[in-house]
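Student: Build me a model:
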Amino acid sequence: MGKNEAIVDETFSWWVQVHSETHLDDWLKDYFSGLEIQRQSNGITLLTGKMQDLPEVYGLILKLRDSGVVLLSLQVERVQKGQPPGAGKEKIRTEGTRKNGET
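Tutor: Numbers count the residues shown, from 1 in each chain. As a prediction, the model looks like this:
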């Protein structure tokens, strides 16, 4: 295999869950790789969905950053294809920080 060839693992996908501090518009569903958008009554938006590979996850993170979305949390879980989220063993969770040192 050449050094520029990507290694793709067909047995796994990535489950992503993002909590945003504010409500996001519906048009962002396409921009954020078709993730499901759920607006909660407390003003928080929850983005959830499956991504095919890790480069797609990194692309989402860059889009979140570039669009100025204020994150409360970001959870990424590697799951075996055909398994529901939560069945995977590898989980990465990142908590957001608020501006001006607020907690």
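
Student: Going by C-alpha atoms from here, please, whenever you check contacts or count neighbours.
Tutor: Noted.

Student: So in this structure, which helix runs the longest?
Tutor: helix 54-67 (DSSP state H).

Student: so what secondary structure elements neighbour it?
Tutor: Applying 3 or more Cα pairs under 8 Å, 6 or more residues apart in numbering; DSSP states H and E, one finds that helix 54-67 contacts strand 12-20.

Student: following the strand it packs on, which helix or strand shows up next?
Tutor: Note on strand 12-20: by DSSP states H and E, the next helix or strand toward the C-terminus is helix 28-31.

Student: circling back: check the offset of the longest helix of the chain from the chain's centre.
Tutor: With Cα atoms, centre = their mean, to the nearest Å as the basis, helix 54-67 stands 8 Å off its chain's centre.

Student: Would you indicate which residues of that helix are buried?
Tutor: Across helix 54-67, burial judged by 16 or more other Cα atoms under 10 Å covers 54, 57, 60, 64.

Student: Stretch 18-28 too?
Tutor: Buried residues in stretch 18-28, counting neighbours by 16+ other Cα under 10 Å, are found at 18-24.

Student: can you list the weak-confidence ranges in the protein?
Tutor: Within the chain, the stretches with pLDDT under 70 are 1-9, 86-103.

Student: Tell me what the nearest residue in space to Thr48 that is not next to it in sequence is bridged to.
Tutor: Leaving aside its chain neighbours, Thr48 sits nearest to Gln17 (4.5 Å; criterion: Cα to Cα, 6 or more residues apart in numbering). When assigned by DSSP bridges, Gln17 has beta-bridge partners Thr48, Gln75.

Student: what about Gln52, neighbour count?
Tutor: By other Cα atoms under 10 Å, 17 other residues sit near Gln52.
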